[in-house]
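Colleague: need coordinates for the following:
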Amino acid sequence: MSEQTEDLVGLVDAIVRPLVDNEEDLDIQGSESEEGSILVEIRVNEEDAGKIIGRQGRVIKAIRTLARAAASRADIPVDVEIVD
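Modeller: Residues are numbered from 1 along each chain as shown. Now for the predicted structure:
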């Protein structure tokens, strides 16, 4: 994993961890595609998924915006997904 990917995973972790009640079920992983884009996957307990998504998806949208802003300095496309 590149340093940029690790930084983005750390950023998402710092944002998401205070939102969940079941921290032991929280798993955030980053991967890079061959094209150079980064995918950050968030796995949380079923009970906490609603807190991460937020009303009308506002929280996850804000997390995606912050991750994209952080990666924009390096001109790297980023996507943040919640995985079931």
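
Colleague: how about the contacts made by Trp67?
Modeller: Quick fix: residue 67 is Ala, not Trp. Counting by CB atoms under 8 Å, 6 or more residues apart in numbering, Ala67 touches Leu8, Leu11, Val12, Val40, Val78, Val80. C-betas here are computed from N, CA, C, even on glycine.

Colleague: from the residues you listed, which land in helices?
Modeller: Among the contacts of Ala67, the subset assigned to helices under DSSP state H consists of Leu8, Leu11, Val12.

Colleague: the residue lying closest to the second one once chain neighbours are set aside is in what secondary structure piece?
Modeller: Looking back up the chat, that one is Leu11. Leaving out its chain neighbours, the residue that sits closest to Leu11 by CB to CB, 6 or more residues apart in numbering is Ala70, at 5.6 Å. Following DSSP states H and E, one finds Ala70 within helix 58-72.

Colleague: going by neighbour count, list what's buried in stretch 13-27.
Modeller: Neighbour counts over stretch 13-27 (16 or more other CB atoms under 10 Å) mark Ile15, Val16, Val20, Leu26 as buried.

Colleague: please look at the third one and Gly50 and confirm they touch.
Modeller: Yep, that's Val20 we're talking about. No: between Val20 and Gly50 there is no contact, the gap being 10.6 Å when judged by CB atoms under 8 Å.

Colleague: coming back round to it: right, and the residue nearest to Leu11 touches Val12 too?
Modeller: No: contact criterion CB under 8 Å: Ala70 and Val12 do not qualify, at 9.4 Å.

Colleague: higher neighbour count, these two?
Modeller: Set Ala70 next to Val12 and count neighbours by other CB atoms under 10 Å: Val12 wins out with 23 against 17.
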